[in-house]
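# Here's my sequence, what's the structure:
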Amino acid sequence: MERPPISVYTDGACSGNPGPGGFGVILRCGTLEKTISEGYACTTNNRMELLAVITALEAIRWQGADVTIWSDSSYVVDAVEKGWVFSWERKDFQKKANEDLWRRFLAVYRKHHVRFVWIRGHNGHPENERCDRMAVAAGQGSGLKEDTGYCTSDSGSLL
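Residues are numbered from 1 along each chain as shown. This is a model prediction of the structure:
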């Protein structure tokens, strides 16, 4: 049985950069829609943009899905579409930020057929605007998670 393609819309937000942040995701497959958002106490905007994509791909319940990801993050879209992340991987991510998330991304990315579409943020795109509202609300919520790849309460870093 052929599965329908999946459309994914993502956005990340951070107040302070670093600071509290969150992400919002919309997944659509046929007539079904799923939303996901999470907030973190100490993170960066780029980490939230990338974590949104990772979380979306990890939410897909089968391998080999045809996925189009719509993102306003040049950081994420360019890293994949221009092949930078694959070069970073060959060099074992030497001196590259967010190595933990990029490794996690590559593991789930390779389970699917993924293409990225960059969209201009805050430009009236309905799903991007909705993901932005979800991301901001998640970062302002209570019970924020710890971004263990970035800040930890025992690392002497920003918390």
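# Looks to me like residue 67 is in a strand.
Yes - under DSSP: H, G, I helix; E, B strand; the rest coil, residue 67 sits within a strand.
# Quick check, it in contact with residue 114.
Yes - here residue 67 reaches residue 114: they are 4.7 Å apart, a contact under CB atoms under 8 Å. Just so you know, the C-beta spots here come from the backbone N, C-alpha and C atoms, and that holds for glycine as well.
# between these two, what contacts are shared?
residue 57 (CB atoms under 8 Å, 6 or more residues apart in numbering).
# Who are the packing partners of the host helix or strand of residue 106?
Counting by DSSP states H and E, the secondary-structure element that holds residue 106 is helix 99-109. If you count contacts as 3 or more CB pairs under 8 Å, 6 or more residues apart in numbering; DSSP states H and E, helix 99-109 packs onto helix 45-59, helix 84-90.
# Comparing these, which comes out most buried?
helix 45-59 (a mean of 23; mean count of other CB atoms under 10 Å).
# for the spatially most central residue of the chain, what are its contacts?
Centroid-nearest residue in the chain: residue 52, 2.3 Å away (criterion: CA atoms, centre = their mean). By CB under 8 Å, 6+ apart, the residues touching residue 52 are 10, 11, 12, 23, 24, 25, 71, 131, 135.
# Now tabulate those in a markdown table and tack on secondary structure and neighbour count.
As requested, the contacts of residue 52 are exported to a markdown table (DSSP: H, G, I helix; E, B strand; the rest coil; neighbours: other CB atoms under 10 Å):
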| residue | secondary structure | neighbour count |
| --- | --- | --- |
| 10 | strand | 33 |
| 11 | strand | 32 |
| 12 | strand | 32 |
| 23 | strand | 33 |
| 24 | strand | 28 |
| 25 | strand | 26 |
| 71 | strand | 26 |
| 131 | helix | 29 |
| 135 | helix | 27 |
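# That's all I had, so thanks and see you.
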